[in-house]
Each structure stands twice: as structure tokens, then as C-alpha cells.
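In: build me a model:
(2 chains, ligands or ions: 2)
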Amino acid sequence: MKILTTVKKVVDVELNIHVENGAILEKGLQYVINAWDENAVEAAVQLKESHKADTTLVSMGSGDNTDIIRKCYAMGIDNAIHIDDPNLAKADSPTFARVLQKVFEAGEYDLVITGKQAQDTDAGQAGIMLAEFLDIPCVSNVIEIKVTDESHIQVSRLGDEGTEIVDLTLPAVVTVSDGINEPRLPAMRGIMMAKKKKINVMDLAGLGTSFEDVGGTDPKSEIVEFMAMEKRKGGQKFEGDPAEITAKVVDLLVNEAKVL
Amino acid sequence: MTNILVVADIKQGELKGSTTELLSKARALGAQTAVVAVGSQVKDLAPKLAAAGSDTQYIVDDPSMEIFSAKPFTAAVVQAANEFNADMVWFGFSETGKAAAPRVAVQLEAACANEIIDVTIDGDAVQIIRPAIANKVLQKVKIHAPKLVALVRAGAFEPDPEVTGKENVVTLDPPEADTDAKVKELISDASGEIDLTDADIVVSVGRGAKDQAGVDLVKALADDLAAGFGSSRAMVDAGLMAHNKQVGQTGKIVAPTLYIAVGISGAIQHLAGMNGSKVILAVNKDPEAPIFNVADFGIVGDLFDVVPSLKEEIKKIRA
Ligand SMILES: Cc1cc2nc3c(=O)[nH]c(=O)nc-3n(C[C@H](O)[C@H](O)[C@H](O)COP(=O)(O)OP(=O)(O)OC[C@H]3O[C@@H](n4cnc5c(N)ncnc54)[C@H](O)[C@@H]3O)c2cc1C
Ligand SMILES: Nc1ncnc2c1ncn2[C@@H]1O[C@H](COP(=O)(O)O)[C@@H](O)[C@H]1O
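Out: Numbering: from 1, shown residues only, chains lettered A, B, ... in the order given. Ligands and ions are numbered 1, 2, ... in the order given. Okay, the predicted model is just below:
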């Protein structure tokens, strides 16, 4: 089985993010692997271990992605493709999905595993749209993958009414939730080996396409401005005898906030 | 005139509150409204769908649609959108919506926006506002495509009690099942409990509650308040709470009148799911816990002492 996983480099959401004049301030930002993509990588590596799958990751964006790719190599990924093109700096999910389509078509993969969403866009679109463009089946928000045979897998999806068990015919796209696994911490040996591995870097032309071809020059929507999120403020804090302070707080909830 | 199709949010045969909220907003924008209901035995919902503010009800009712399957669900929505000549298709915030919206957008060649909290229509110019980066910033997004598919964040639009529509039922054929993604089974999590996303009050439990006894203690508080009972991911990971109880970026987005966080630290991913609540009360023994930065009322103390007291006080006012 040939597996393609997608790995995006995103801003670290644990750090403060500042907005000025409609844009995000670059200063102080740090970049990490998208959390859900780490789950996708772990899922792929587990399939490699249990079913000898061949695993390839693709990361799209402009600039140096070496650190996150090496981390995935250290986790056990076999091959890495970095589509490094300055045009992709501000691309949206449908555009990335079109690029993924080109990567998929060039590689004859059986299964694509993506994160359920990217932490920076919070869009949750690229994987699902890829399947739609390729006209292959897709299940999103997956928490378990089981291999049935060479051309079928069974997945569990967290839906609105419970857990849906779905039989998928390959090739297919699966987007994973963080509930699927606990990404491993790479072992020292893996980290050392990862340093020696090659990364296949190419731009859109190298992939046999162009920014226009993947819809980049004619986006369906465009972010025109970032705004700071109005921050909630911490209110009154109470400490002391539980009976006393709970009586006080309940009184405030009833008479001041009027929510009880 | 803008035509807005709202996808009815139906769970266990019941129409969810978000449908009214979305239709209220659509009408406030001066749009023509229609709703599409997809499922098994949903046709009886038509009068309710009209009362919720739609002037046309597209019904796709078939036993094959009982368990969600993305491809036929999408086909049903696309069929309704085409019949209605929809300029916009709006979904409530649900896993169904998250799975179907990007597909509907591709098929309609529309722009797709997730988690929108506002939309403005000015002639041909359409703009939406949505949070991004784990709810840390807001984006203003200009829509260039002629059509927009949007998933509306829970609690973004207020229901208008005055709003109503008229019954005009259009029955559509059920789409074919997906033979490449066959839904074998649904392990239902229907529990008869109050639904988190519709609840007026939500009480959530975190790792501070430690074990089953702690969970039961906090659950009893939720029961006394007739509140929805949610949780942080730590408790789901520990196997103490079901997946569908998780509040946060990967779980449910809730925006109740009162959110009570018990023994929850307030990680960014948890906050992303509840900081739209009107009033937040936090109980935590650590005075420095980040949850206090968003809580309107904070009780610093051991939950095993505080929760029983809270129950007592609530009993008094409810008596
Ligand atoms: C990709 C990703 C997605 C995620 N999505 C979600 C999500 O959707 N929802 C979510 O909740 N988390 C999510 N998380 C996890 C999140 O980062 C936190 O790990 C999690 O929310 C912590 O849960 P907690 O607050 O219950 O536990 P902890 O962080 O361990 O906090 C426990 C708190 O209880 C307090 N406490 C301990 N004992 C007592 C006592 N006796 N009385 C009172 N207080 C006490 C402690 O002071 C502490 O503040 C996600 C993480 C990632 C990486
Ligand atoms: N630039 C990118 N590089 C690699 N993977 C990406 C990229 N953009 C999106 N993806 C994948 O698609 C998923 C959904 O992204 P989004 O639609 O932005 O939420 C992410 O979890 C990634 O796995």
C-alpha cells in the first residue's frame, strides 16, 4: 500500500499572536507541524509497521520546511516531497487541494491521510476537496483505520449521532482527528537517520503545473484583513471558605449576571 | 435578491436550534429563504421548518438516508441548491456540516467558509468574518465566487422569536448510496441526555475531577441545573467521558448562557470551544490556571469541596 500524508507548517497557537493594521505581526511567531498532521503521520507510520505500507509526505508552502520534515522522517516516514513555491505563501484550501491532486496523480497512491484541519486556517477543507477533485471516496474526522485487504480499509468516524463505521474502497482520502492516536516522540536513532535523508524539493513548475493551473490566480475568496480577537477578561475571583464563596457566587449569578 | 438555502440540522429526528438561528439571520439580510431536510422520516418536520423561517422546504426523505453518508448527503443538498437557485448554502455547526460543506462547495463551484460568525451582503459584494488560528484572530474574507457555502459557528446568530415562513414542500428524489464508502453501522451515542450544543447551561468536567467518582460528582451538579454535561479532552483520553462530550477545537463548540468549567485548566484548544459563552464560571484549585483569564466568576478551591457547596446553594434557589 502506498500512503501519502500531508504535513503543513503552521504558527504555534500556544504563543501570543498580535495583529496590527489588518495583518498578523511576524515578530515573535514560531512555526510547528500542524498538530492534526502529526496524527496523520503517526497513522501512516503505524500502517507501515503493521502492513508494510510505503509512506510519503507532502508539504506545501514557501520557505524552509526542513525541520518539520525531518521530524516526520524521524517518526518513520519513508519519503518527503516539499512543494516550495513563493506563490503558495497565501494560497487557500482549494488551491492546496489542487496541488495535492497533482502530487497524487504523479505518485499513484492508495491512501491519502490528512489532518482534519490546519491550525492556522481552521478550514478543514483541503483533504475533502482533494477527494472531490479526484472523485474518490473520503471520510473525515476519523478516529480509527483498519486494513481489510489490499483494496479496502475500514474506518471509524466521529459523527453527530455517534461513531460511524465505514468500508472504504481504495484509493481514498481520510482526514484524521486527534483522537486517532498519540503521535510518537522520535527515538534518537530515528533523529540521526533523518538528518541523512533527502527531501524532494520542487516548485509548481517542477510538479508540471502552475499557480494559474491550480486556481491560485483566481481564488474563490480572499482574506482582506485580520483583526484582533476581542479578548475576554477575567472577572471576579473568590477564595476562602467554600460554603461562603459559593453562596456569594450563586447570588451573583442569579442577581447580577441573571443567568441562573 | 439573494437566495439562501439553509441545511436543516436534524439529530435523532429532532430539529436543532441552529436552523432557526440561520433562517432568522437569512431573513434579517432580506434574503429569500429555503431549507433542505435530509434524512429518514424527516418529512413530518415540514411545518416546523416553515415556522423556523423558511418559505420553501426541500425534503429528501428515504430510509437509505438514516445514517449520515457524505456523498449522498452532498448530492441531496446540491440538488436542492440547484432547484432553489441558491446563492448561498448555510450549514449549522456540526460534523455533518463540516463533512458536507467542502463537497457542496466544489460541486457548486462556490467559495467555502468554515466557522463564520458574520456575513454582510452589499449589492454583489459579500464578506464574511470568521475566527482562525485556534480562535486567536478574526479574518475578514471577501467572497469572489458567485456562490458561497458557509458553515456557521455555534451561537453566531440570534434566533428571532418573531420569525416565521410558509409551508411549501418540494419533495426531491433520494440520491444513490455511496458504494465506495459504505456506511456499515452507526454506534449511536444517543443517551437521552441534554444535548450539549443546544443547552442553556453547560457544566464541563476536567482532569481535576480525577476519576469516576469525581465525574459523578460534577455530573450531579449538571443534573441539578438541567444542564448539558461536557468535558475537556483529558477526560475523554482517560476514558472517563465519551468522545461526543468533548468541548473545544476538535470537539463541540458551545455558546450557552452559562458555562461552568470544573477542574479544567483552560488550554487554548478548550477555550476555542467555549469562549463564546455569555457567562463563564470556573472552579479550579490553582489561582494561576488560565481558565481564570476568561472566566467572569472564578472560584479558587478544591472541586471536591466546592461542587457540593454549589449544589447546596443551587438547591436553595431552586427550592
Ligand atoms: C490538536 C489538539 C486538539 C485539542 N483539542 C482539544 C479540545 O477540543 N478540547 C479540549 O478540552 N482539549 C483539547 N486539546 C487538549 C488540550 O491542549 C489540553 O490538554 C486539555 O484541554 C487539558 O484538559 P484539562 O484542562 O482537563 O486537564 P489539565 O490541563 O491537566 O488541567 C486540570 C486542571 O484541574 C485543576 N485541578 C486539579 N485538581 C483539582 C481539584 N481537586 N479541584 C479543582 N481543580 C483541580 C488543575 O489546577 C488544572 O488546572 C487538544 C490538543 C491538541 C494538541
Ligand atoms: N500547505 C499545506 N501543506 C501540506 N498539507 C496541507 C497544506 N494545507 C493543507 N494541508 C492539509 O490539509 C488539511 C486541511 O487543511 P485546511 O483545509 O487548511 O484546514 C491539513 O491538516 C493538512 O493535512
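
In: contact residues of the stretch 101-250 of chain B facing ligand 1?
Out: Those residues of the stretch 101-250 of chain B that sit near ligand 1, judged by C-beta under 6 Å from any ligand atom, are B:206, B:207, B:208, B:232, B:233, B:234, B:235, B:246, B:247, B:248, B:249, B:250. (C-beta placed from N, C-alpha, C; glycine too.)

In: residue A:174: which of those residues is nearest?
Out: For these, the closest approach to residue A:174 (C-beta to C-beta) belongs to residue B:250, at 15.8 Å.

In: surely that closest one meets residue B:233?
Out: Yes: using C-beta atoms under 8 Å, residue B:250 is in contact with residue B:233, at 7.2 Å.

In: can you check which residues contact both of those two?
Out: A:178, B:269 (C-beta atoms under 8 Å, 6 or more residues apart in numbering or on different chains).

In: and ligand 2, which of the residues of the stretch 101-250 of chain B next to ligand 1 contact it?
Out: Counting by C-beta under 6 Å from any ligand atom, no member of these reaches ligand 2.

In: using ChimeraX, make a named selection holding only the buried ones among the residues you listed.
Out: Buried residues among these (16 or more other C-beta atoms under 10 Å in any protein chain shown), as a ChimeraX selection:
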select /B:206,207,208,232,233,234,235,246,247,248,249,250
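
In: which ones among the residues of the stretch 101-250 of chain B next to ligand 1 lie within helices?
Out: Per DSSP state H, helices hold the following members of those: B:233, B:234, B:235.

In: quick one: residue A:146 is in a strand?
Out: Yes: counting by DSSP: H, G, I helix; E, B strand; the rest coil, residue A:146 falls inside a strand.

In: which ones are touching it?
Out: A:153, A:154, A:155.

In: would you mind putting the residues you listed into TSV with pLDDT, distance to residue B:274 and neighbour count alongside?
Out: Shown next, in TSV, are the contacts of residue A:146 (pLDDT from 0 to 100; distance: C-beta to C-beta, whole Å; neighbours: other C-beta atoms under 10 Å in any protein chain shown):
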residue	pLDDT	distance to residue B:274	neighbour count
A:153	98	34	23
A:154	98	33	15
A:155	98	29	22
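
In: what about stretch B:79-97, distance to the chain center?
Out: 15 Å (C-alpha atoms, centre = their mean, to the nearest Å).

In: near ligand 1 at all, it?
Out: No: counting by C-beta under 6 Å from any ligand atom, ligand 1 is not contacted by stretch B:79-97; separation bottoms out at 13.0 Å.

In: need the residues of the stretch 1-150 of chain A near ligand 2, please.
Out: Counting by C-beta under 6 Å from any ligand atom, the stretch 1-150 of chain A sits next to ligand 2 at A:6-8, A:34, A:36-37, A:40, A:59-61, A:93, A:96, A:114-115, A:117-118, A:121, A:123-127.

In: out of those residues, which sit inside strands?
Out: The strands, defined by DSSP state E, take in A:6, A:59, A:60, A:61, A:114, A:115 from those.

In: distance of the closest residue to the fifth one other than its chain neighbours relative to residue B:36?
Out: Residue nearest to residue A:114 in three dimensions, not counting chain neighbours: residue A:127, with 3.5 Å by C-beta to C-beta, 6 or more residues apart in numbering or on different chains. Between residue A:127 and residue B:36 the distance, using C-beta to C-beta, to the nearest Å, works out to 25 Å.

In: before we move on, what about residue B:22?
Out: In this view, residue B:22 and residue B:36 are 12 Å apart by C-beta to C-beta.

In: so for those two, which residues contact both of them?
Out: Contact with both residue B:22 and residue B:36 is made by residues residue B:6, according to C-beta under 8 Å, 6+ apart.

In: which stretches of the chain have low pLDDT?
Out: All of this refers to chain A. The model of chain A has no residue with pLDDT under 70.

In: think we crossed wires, I meant chain B
Out: For chain B, no range has pLDDT under 70.

In: and the helices in it?
Out: Under DSSP H, chain B gives helices at B:17-28, B:46-51, B:70-84, B:95-108, B:212-224, B:233-237, B:268-271, B:303-318.

In: spatially central, which residue of chain B would that be?
Out: residue B:93 (3.9 Å; C-alpha atoms, centre = their mean).

In: ends of stretch B:298-306, how far apart?
Out: Length of stretch B:298-306, first residue to last, C-alpha to C-alpha, to the nearest Å: 11 Å.

In: how near is the closest residue to ligand 2 within the stretch 51-200 of chain A to ligand 1?
Out: Per C-beta to the nearest ligand atom, residue A:115 is where the stretch 51-200 of chain A lies closest to ligand 2, at 2.7 Å. Distance, residue A:115 to ligand 1, by C-beta to the nearest ligand atom, to the nearest Å: 8 Å.

In: number of nearby residues for the spatially closest residue to residue A:169 that is not a sequence neighbour?
Out: Using C-beta to C-beta, 6+ apart and skipping residues adjacent in sequence, the residue nearest residue A:169 is residue B:180, 4.3 Å away. Using other C-beta atoms under 10 Å in any protein chain shown, residue B:180 has 18 neighbouring residues.

In: contacts only, for residue B:180.
Out: Contacts of residue B:180 by C-beta under 8 Å, 6+ apart are A:136, A:137, A:168, A:169, A:172.
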